[in-house]
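Enquirer: Starting from these lines, generate the structure:
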Amino acid sequence: MGPQAVPLRELTAERLASALRQAVDEPRYRRRAREVATRINAEDGAGTVRDFLERTLAAR
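Expert: From the prediction side, this is the model:
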């Protein structure tokens, strides 16, 4: 979904800057981020938690 991970021991300011530039500048990463954002925005996270809690408390 994004740039390849850089192992922490190999992380430098230059490598981090390069990965951030790639994540921001690469059209496929921006497109995928928009797709993921659309899916997240369509979810009803609070409602899902509420339903779970209601079911759990009702079972007691």
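Enquirer: okay, CA-based contacts and neighbour counts for the rest of this
Expert: OK.
Enquirer: what is the mean pLDDT for stretch 37-53?
Expert: Stretch 37-53 shows a mean pLDDT of 94.
Enquirer: I meant to write stretch 11-18 there.
Expert: For stretch 11-18, the mean confidence score works out to 93.
Enquirer: Outside of it itself, list whatever touches it.
Expert: Val6 (C-alpha atoms under 8 Å, 6 or more residues apart in numbering).
Enquirer: chain center to it, what's the gap?
Expert: 21 Å (C-alpha atoms, centre = their mean, to the nearest Å).
Enquirer: now swap in stretch 22-38 and tell me
Expert: Stretch 22-38 sits 11 Å away from the centroid of its parent chain (C-alpha atoms, centre = their mean).
Enquirer: again with stretch 17-37
Expert: For stretch 17-37, the distance to the chain centre is 12 Å (C-alpha atoms, centre = their mean).
Enquirer: Just the terminal-to-terminal distance for that stretch.
Expert: Start-to-end span of stretch 17-37 (C-alpha to C-alpha, to the nearest Å) is 24 Å.
Enquirer: ok, and for it, which residues are buried?
Expert: 19, 23, 29 (16 or more other C-alpha atoms under 10 Å).
Enquirer: Pipe the residues you listed into JSON lines and attach secondary structure and distance to Leu57 per row.
Expert: Conversion of those to JSON lines gives the following (DSSP: H, G, I helix; E, B strand; the rest coil; distance: C-alpha to C-alpha, whole Å):
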{"residue": "Ala19", "secondary structure": "helix", "distance to Leu57": "46"}
{"residue": "Ala23", "secondary structure": "helix", "distance to Leu57": "43"}
{"residue": "Tyr29", "secondary structure": "helix", "distance to Leu57": "42"}
